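Peer 1: after the sequence you'll find the predicted model.
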Amino acid sequence: MNETPTFPPLLRGEAAPAGADPFDKAVSAALIGTDPGLVTYQLEPHRMRAAVVLAPEAPLRDAMAMVFATSLGFSDALGALAPPEVAVHFDWPGCIRVNGARCGKLRAAASTQDPDAEPDWLVIGLDLPLWSDDEPGTDPETTVLYEEGCVEVSPVRLVESWSRHSLVWINRWLDEGMAPLHADWRARAFQMGEDISLELHGKTLPGTFMGLDEAGGMLLRKGEETALVPLTDMLER
């Protein structure tokens, strides 16, 4: 990809070196004190990866709303670029589904894992497969973007649109709090009310996905008990 993405005001872009993970690059930049608003990216023919460094002035428990903001930003971005029949849903906490099959994910890392502490930085990453050499339908539970009618969607336009739409949702969070993000994410939630097996950091948590708490955590019922899985549990470091 030779074209350089253009980002909206408050954001600035930086390509990751060939073979490097832009999520790791964003975390490294955050650790040495880069200003928030940095978007790192790697736009390959078969895969689009990007990450944004944020510094929400809120306790980590509340700042994790940025996962919902960037998830909804992706849904709106793809909705603006893809054919209207392409549907986006979400597996909690960060899996993206396109037309019902898993297609990429969101990742998160922060300077702290204490839910009550205000993080110095929070990095949200997007990892999206565009095409694969595998025969379509090999695994009906997974897909790639170009097999879902999105072959005309440019990775450059998509990362630009993701950044713009994510900013819109971040501003809604600043103005209105978690409620609108909570409502719109729930409307796109996959298998809410159904029995699931949550895979998180190598562990499997079975139960019924009952809904979300006010901070976006999963309410998971097993038998007569309902447990809360906080959204902070998705943090990678």
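Peer 2: Yes, it's here.
Peer 1: and the lengthiest helix in the chain, what's buried?
Peer 2: Ranked by residue count, the top helix of the chain under DSSP state H comes out as helix 155-176. Using 16 or more other CB atoms under 10 Å as the test for burial, helix 155-176 gives 155-167, 169-170, 172-173. Bear in mind the C-beta positions are built from the backbone N, C-alpha and C, glycine included.
Peer 1: try stretch 195-206
Peer 2: Result for stretch 195-206 [16+ other CB under 10 Å]: buried residues Ile196, Leu198.
Peer 1: who's in contact with that stretch?
Peer 2: With contacts defined as CB atoms under 8 Å, 6 or more residues apart in numbering, stretch 195-206 is touched by Trp92, Pro93, Gly207, Thr208, Phe209, Met218, Leu220, Lys222, Val229, Asp233, Met234.
Peer 1: is the residue nearest to Val144 when sequence neighbours are not counted bridged to anything, and to what?
Peer 2: Nearest non-adjacent residue to Val144, counting by CB to CB, 6 or more residues apart in numbering: Pro129, 4.4 Å away. Per DSSP bridges, residues listed as beta-bridge partners of Pro129: Arg47.
Peer 1: also Lys203?
Peer 2: Beta-bridge partners of Lys203, as defined by DSSP bridges: Leu200.
Peer 1: can you check the one 4 residues further on too?
Peer 2: Taking DSSP bridges, one finds Ile196 as the beta-bridge partners of Gly207.
Peer 1: that one and Ile196, how far apart?
Peer 2: 7 Å (CB to CB, to the nearest Å).
Peer 1: overlap of the contact sets of the two?
Peer 2: Leu220.
Peer 1: after the longest helix of the chain comes which helix or strand?
Peer 2: As assigned by DSSP states H and E, the chain's next helix or strand after helix 155-176 is helix 179-187.
Peer 1: tell me what that next one is packed against?
Peer 2: Judged by 3 or more CB pairs under 8 Å, 6 or more residues apart in numbering; DSSP states H and E, the packing partners of helix 179-187 are helix 65-81, helix 155-176, strand 203-212.
Peer 1: rerun at 7 Å
Peer 2: helix 65-81, helix 155-176 (3 or more CB pairs under 7 Å, 6 or more residues apart in numbering; DSSP states H and E).
Peer 1: take those helices and write them to CSV, including mean pLDDT.
Peer 2: Shown next, in CSV, are the helices and strands packed on helix 179-187 (pLDDT from 0 to 100):
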stretch, mean pLDDT
helix 65-81, 98
helix 155-176, 97
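Peer 1: columns distance to Gln191 on top of those, output as CSV?
Peer 2: Shown next, in CSV, are the helices and strands packed on helix 179-187 (distance: least, CB to CB, whole Å):
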stretch, distance to Gln191
helix 65-81, 16
helix 155-176, 23
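Peer 1: those: which one's closest to Ala189?
Peer 2: helix 65-81 (10.3 Å; CB to CB).
Peer 1: ok, then the element right after the closest one?
Peer 2: That would be, after helix 65-81 and using DSSP H and E, strand 88-91.
Peer 1: that next one: what's the following helix or strand?
Peer 2: Following strand 88-91 toward the C-terminus (DSSP H and E): strand 95-98.
Peer 1: and that following strand, what does it pack against?
Peer 2: strand 88-91, strand 101-110.
Peer 1: what mean pLDDT would you report for the longest one?
Peer 2: In other words, strand 101-110. In this model, strand 101-110 carries a mean pLDDT of 97.
Peer 1: with the first one instead?
Peer 2: Within the predicted structure, the mean pLDDT of strand 88-91 is 98.
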